[in-house]
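In: sharing a model prediction with you, sequence too.
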Amino acid sequence: MTTFDLTALRAVVFDTDGVVTDTARVHAAAWKHVFDGFLRGRSAPFDVRADYLTYVDGRPRLDGVRTFLASRGVSLPEGGPDDEPGAPTVHGLGRAKDELFVREIAQHGVAAFPSTVELLHELRRRGCRTAVVSASRHCRSMVASAGVLHLFDVLVDGTDAARLGLPGKPDPALFLEAARRLDLPAGQVGVVEDAVPGVEAARRGGFGRIVAVDRSGTRAAAMLAAGADAVVSDLAEADVTGRVPVGRR
């Protein structure tokens, strides 16, 4: 079992997509629709597993556009936030993806992973504080839609990142902002991530425990190389030790 030892940790920070909410596949499908339409006749289609995990997962939306297109040898003008969705610019493709994602979530809702919810309850029963982070501006609405907003003391999302000028992963800024709001040093905070850039960010930030979630079963070696202390296929494999649950003796 992967242990969160609460004699060493006072809080745990969770990534959102793929860790708390089952939305990574929705992101991947939206990216595929946008990239395949743009690249038709010029490059191989977007692979919802290999390309998503390698170039997009865990990065801010515009960074995902830049990184994936660079892998195909394509460079686009940046454009601006007022570009039409689908315009041949970084912002245009990013806006097209965002519109698709928001439409899908509005139509079908958001589900939280049951094992993550169970872990959150157990951490909080034992007096451990929790935070959720995401590069997405939709983080709060997604977590609220999944019915788990009340399980977090702190939320840091893409709106905060834009307002504060925080760079995206693999820079640790989002995680460090969560630790700052928890009023804790990074060394007393654990991180749960499902993307290699996020694991790297947590290691660079000096966080006390880094647990990576590899639901695809293909990234354990890369996650360990990036700095994960442990890799699980699901948080049902994790346990919590180190403090008596609140109200128990």
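Out: Done, it's in. Residues are numbered from 1 along each chain as shown.
In: ok so Phe38 is a helix residue?
Out: Yes: checked against DSSP: H, G, I helix; E, B strand; the rest coil, Phe38 lies within a helix.
In: show me what contacts it?
Out: Under the criterion of C-beta atoms under 8 Å, 6 or more residues apart in numbering, the contact list for Phe38 reads Gly86, Pro88, Leu93. Bear in mind the C-beta positions are built from the backbone N, C-alpha and C, glycine included.
In: got the contact list for the closest residue to the second one other than its chain neighbours?
Out: Ranked by C-beta to C-beta, 6 or more residues apart in numbering and with sequence neighbours excluded, the top spatial neighbour of Pro88 is Leu76, at 6.1 Å. Contacts of Leu76 were listed using C-beta under 8 Å, 6+ apart, and they are Val65, Leu69, Pro88, Thr89, Val90, Leu93.
In: now do the buried residues in the longest helix along the chain.
Out: Scanning the chain for the longest helix, with DSSP state H as the assignment, gives helix 90-108. Under the neighbour-count criterion of 16 or more other C-beta atoms under 10 Å, helix 90-108 has 90-98, 100-101, 104-105 buried.
In: list the backbone torsions phi and psi for Arg209.
Out: Taking degrees, to the nearest 10, you get phi -150, psi 130 for the backbone angles of Arg209.
In: do the same with Ala230
Out: phi -160, psi 150.
In: for Ala8, same thing?
Out: Main-chain dihedrals, Ala8, degrees, to the nearest 10: phi -110, psi -30.
In: burial measure for it, as a count.
Out: Residue crowding around Ala8 was assessed by other C-beta atoms under 10 Å; the count is 12.
In: go on, the one 3 residues further on?
Out: Using other C-beta under 10 Å, Ala11 has 23 neighbouring residues.
In: and the pLDDT at it?
Out: What the model reports for Ala11 is a pLDDT of 98.
In: pick out whichever of the buried residues of helix 90-108 sits closest to Thr3.
Out: Looking at the buried residues of helix 90-108 and their distance to Thr3, the nearest is Ile105, at 33.7 Å (C-beta to C-beta).
In: tell me the contacts of that closest one?
Out: Ile105 touches Thr23, Val26, His138, Met142, Ser145, counting by C-beta under 8 Å, 6+ apart.
In: do the same with Ala230
Out: By C-beta under 8 Å, 6+ apart, the residues touching Ala230 are Thr2, Ile210, Val211, Ala212.
In: report the lowest-confidence entry in those residues.
Out: Thr2 (79).
In: would you list the phi and psi of that residue?
Out: Backbone phi and psi, for Thr2 under degrees, to the nearest 10, turn out to be phi -90, psi 120.
In: and the gap between it and Val90?
Out: In this structure, Thr2 and Val90 are 38 Å apart, going by C-beta to C-beta, to the nearest Å.
In: equivalent analysis for Val189, please.
Out: Shown here: Val189 relative to Val90, a distance of 33 Å by C-beta to C-beta.
In: most neighbours among the contacts of Ile105, please name it.
Out: That'd be Met142 among these, by other C-beta under 10 Å, with 25 neighbours.
In: wait, doesn't it sit right on Thr16?
Out: Yes: Met142 lies in contact with Thr16 (C-beta atoms under 8 Å); the separation is 6.6 Å.
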